[in-house]
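>>> pasting the structure only:
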């Protein structure tokens with residue numbers, strides 16, 4: 001898995017595509033539905049949840065307050081609309 005993660009970024013860079021797209025393709029290819037190299041779905045799910053938490057924490061560190069204020073009004077309107085429509 002680590003070797004795949006290390007290879008995805010340069011390959012997607014050469015293709016001028018987002019590495020996130022490459023990680024999604026790699027996950028589909030290595031997962032239990034394709035090649036089956038990763039078969040322990042429970043452990044993988046826990047690891048994925050930890051990855052999401054880490055990603056959100058990192059984005060919170062990178063987000064500047066001024067940027068948040070500039071898009072805040074629209075973000076809260078659209079977020080409120082999404083909650084209202086999905087609830």
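Okay, I see it. The structure displayed is predicted, hence computed values, not measured ones. Numbering: from 1, shown residues only.

>>> if you skip the residues just before and after it, what's nearest to residue 11?
Closest residue to residue 11 apart from its sequence neighbours, by Cβ to Cβ, 6 or more residues apart in numbering: residue 22 at 6.4 Å. C-beta coordinates here come from the backbone N, C-alpha and C atoms, glycine included.

>>> go ahead and confirm residue 9 touches residue 19.
Yes - Residue 9 lies in contact with residue 19 (Cβ atoms under 8 Å); the separation is 4.7 Å.

>>> I figured the residue nearest to residue 11 hits residue 10, correct?
No - taking Cβ under 8 Å as the definition, residue 22 is not a contact partner of residue 10, at 9.6 Å.

>>> of those two, give the one with the bigger neighbour count.
Each of residue 22 and residue 10 has its neighbours counted (other Cβ atoms under 10 Å); residue 22 has more, 20 against 11.

>>> quickly note the distance from that one to residue 39.
22 Å (Cβ to Cβ, to the nearest Å).

>>> swap in residue 10?
Using Cβ to Cβ, residue 10 is found at 27 Å from residue 39.

>>> please apply the same query to residue 81.
Using Cβ to Cβ, which is the criterion applied here, residue 81 is 40 Å from residue 39.
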